[in-house]
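Predicted model, plus sequence, below.
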Amino acid sequence: MYISILTSHSQVHSMTTSVPVLFVIGCLPILLVWFLYNHDPNRRIRIPPGPKGTFFAGVKDQLSSSPWKVYAQWAEHYQSPVISFWIYNRRTVVLNDHESVRELLHKRASIYSDRPKSWMFHELCGRGKSVFNISSLDSRHGKYRRLLQHGLSGRAVPEYHELLESEADVFVQSLTREPHAFQHHFRRNAAAVIMKITYGYTLTDSDDPFIRVAEESAQISGWALAPGRWMVDYYPIVRFIPSWFPFAHFKRQGAKWRKQLESLSDVPHNWVKKQMEQPNFVECFTTRLLRPNADAEAEDIVKWAAGGLYAGASDTTVSALTSFILLMALYPDTQKTAQREIANICGAGRMPSITELHSLPYLDALFKEVLRYAPISNIALPHRVVQDDVYKSYLIPKDSTVIPNTWAILHDPSLFPEPFEFKPSRFIDNASISQRRHGSENEVNPDPRAYAFGYGRRSCPGIQLAEISVLLIMSRILSKFEVSLPTGVCAPQVEFTTGITSHVKPFDIVIRPM
Ligand code: HEM
């Protein structure tokens, strides 16, 4: 009976049209609940807001030479410190405030400490194992960190005091002879210290063959890592194009750079091994770790960890010291206050020893203000999140590149009142230095080192060495030289270079021995 009713054509027709209608009507309450749920701004989990960009390139063409400023403007525009957008096919999330950075990069470091993959640099150039680029999921990452922390820890750094002091003396002599070449002297000082610590190698002159090797590697790495330059970084499928193919220039270039980088990184390592065959070789980071019968893997780990030291140290302290000396010319009162403090504590005309540096609170504040005002790494290095995560009402999708906007944090007026003023006294006025070091969340003028040296499991392992090296050279300059603008020259606008490490753009200054 039931079947016979259904076989009637008209009845079948009316049934087939009414079923979907009934279905939709039945679903309406569910759809309504879904709509309300998803459009309730308090409950909806959504991707952080941000500009859409174009279909192919995303926002790539909207990023100026100072992307950190653009990110900060977008954060203001979208009224959200966490913003997101596409650069080509890569989801990028920028953290513009200290709260999101602390919560995600520090507290959830186990999932936010990976690096985004650069197919050109990591795979084609074979640099995926480098300290800076290795994946946090690779067991080598932890091994590198342990070796570096051991060689650069608070206990290890005092072993380098003698070296730092004697190289600081060389620096003072060079600056007295050629004051205009101050940047060159900063660079030589940084290289001499790190080459001795890492390889036990004594620098000959500025045209030293080891320095040339290191600079060449850094230059090639810069080209291979240039954001937006290599299509293979965004569309990795193209890596399968054969090298002979007319449009496969990137593959031929990658293979060439791979060979060059391999032989360059072997130069200092093989030199140390040769030294170790001599009875009186100089002890250093590499010799302490190389065991006589170490297997190839263990030796390779030491080689890469040592390579990370030069890469980390060669340009960063140079940037801090360049900013410092230029700012001294612009802020003579600050310079005088720091000079008075040194004269009071160490005696007029005497240069502080390394152990005296900790009794100079104004110098310490000056160092912090240089790091804050002119961050060396405005956007640190990019991190990658390895799984989907939810922060407040935002979904941070797995594989997003996560960029901490250190510049925005260090210029946030709620953290650092009058952020564009250069004012070292901000770190002395309210509380003692020790209280600030691990300050509370809502503190005003917190210690900028918590941001300037990066985040989570990727934070800079060289912080202690960097700090003492920079403070020492600053103190030598302040106690032996007077820095000023040339007579009759108005104070120039402070501008910054772009790149992984940022510098204050040089302008004319006069450096006179006192
Ligand atoms: C004032 C000087 C310095 C500053 C401001 C600085 C800052 C930084 C920053 C921002 C990062 C990236 C952190 C992140 O990804 O979150 C970093 C990483 C690193 N730095 Fe430094 N650094 C300085 C000096 C040094 C020195 C002297 C060394 C070595 C002796 C060094 C070795 C490294 C290494 C090996 C890494 C890579 C860490 C990793 O990816 O696991 N840095 N540094």
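Good, I have the coordinates.

where does the stretch 1-150 of the chain come near the ligand, residue by residue?
Taking Cβ under 6 Å from any ligand atom as the criterion, the neighbours of the ligand within the stretch 1-150 of the chain are 131, 132, 148. Where C-beta positions appear, they are placed from N, C-alpha and C, glycine not excepted.

which one of those residues sits closest to residue 186?
residue 132 (21.7 Å; Cβ to Cβ).

Name the secondary structure element that contains residue 270.
According to DSSP states H and E, residue 270 maps onto helix 249-275.

Can you tell me how far the residue lying closest to residue 332 once chain neighbours are set aside is from residue 81?
The shortest distance from residue 332 to any non-neighbouring residue, by Cβ to Cβ, 6 or more residues apart in numbering, is to residue 484 (6.5 Å). For residue 484, the distance to residue 81 (Cβ to Cβ, to the nearest Å) stands at 40 Å.

Of the two, give the one with the bigger neighbour count.
Using other Cβ atoms under 10 Å, the more surrounded residue of residue 484 and residue 81 is residue 81, with 22 against 16.

Hmm, residue 101 and that one touching each other?
No: counting by Cβ atoms under 8 Å, residue 81 stays clear of residue 101, with 9.3 Å between them.

shared neighbours of the two, which are they?
residue 95 (Cβ atoms under 8 Å, 6 or more residues apart in numbering).

Need the pLDDT of the closest residue in space to residue 45 that isn't next to it in sequence.
In space, and not counting its chain neighbours, residue 45 is closest to residue 395: 5.1 Å by Cβ to Cβ, 6+ apart. On the pLDDT scale, residue 395 is placed at 97.

any idea how far residue 395 lies from residue 59?
From residue 395 to residue 59 the distance is 19 Å (Cβ to Cβ).

Report the rounded mean pLDDT for stretch 402-409.
According to the model, stretch 402-409 has a mean pLDDT of 97.

Equivalent analysis for stretch 476-491, please.
Rounded mean pLDDT across stretch 476-491 is 95.

now do the same end-to-end measure for that stretch.
With Cα to Cα, to the nearest Å applied, stretch 476-491 spans 24 Å between its terminal residues.

hang on, the earlier thing: from the residues of the stretch 1-150 of the chain next to the ligand, which is closest to residue 48?
Nearest member of those to residue 48, counting by Cβ to Cβ, is residue 132, at 26.1 Å.

Which helix or strand contains the closest one?
With DSSP H and E as the test, residue 132 turns up in no helix or strand.

Give the burial count for it, as a bare number.
17.

okay but it is in contact with residue 309, surely?
No: using Cβ under 8 Å, residue 132 is not in contact with residue 309; the gap is 11.3 Å.

Span of stretch 487-503 from start to end?
First-to-last distance for stretch 487-503 - Cα to Cα - comes to 24 Å.

for stretch 88-100, same thing?
End-to-end distance for stretch 88-100: 25 Å, by Cα to Cα.

and residue 378, how far is that from residue 142?
Distance from residue 378 to residue 142, by Cβ to Cβ: 28 Å.

of these two, who's got more company?
More neighbours surround residue 378 than the other of residue 378 and residue 142, with 25 against 12 (other Cβ under 10 Å).

Helix, strand, or coil at the residue in the stretch 201-350 of the chain that the ligand sits nearest to?
Going by Cβ to the nearest ligand atom, the ligand is nearest to residue 312 of the stretch 201-350 of the chain, at 2.2 Å. Of the three states, residue 312 takes helix according to DSSP: H, G, I helix; E, B strand; the rest coil.

how about the helices of the stretch 301-450 of the chain, start to end?
316-330, 332-346, 361-373, 406-410, 433-437, 449-452 (DSSP state H, counting those that start in this stretch).

least reliable of the ones you listed going by mean pLDDT?
helix 433-437 (a mean of 42).

what about the most centrally placed residue in the chain, distance to the ligand?
For the chain, the residue sitting closest to the mean C-alpha position, by Cα atoms, centre = their mean, is residue 380 at 2.7 Å. Noted for residue 380: a distance of 4 Å to the ligand, by Cβ to the nearest ligand atom, to the nearest Å.

residues in contact with residue 114?
135, 136, 137, 383, 384, 385, 386.

Need the buried ones from the residues you listed selected in PyMOL.
To isolate the buried ones among the contacts of residue 114 in PyMOL, judged by 16 or more other Cβ atoms under 10 Å, type:
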select buried, resi 135+136+383+384+385+386
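
what's the closest of the contacts of residue 114 to the ligand?
Among these, and counting by Cβ to the nearest ligand atom, the member closest to the ligand is residue 383, at 6.2 Å.

Look up the residues forming beta bridges with that closest one.
Residue 383 has these beta-bridge partners by DSSP bridges: residue 402.
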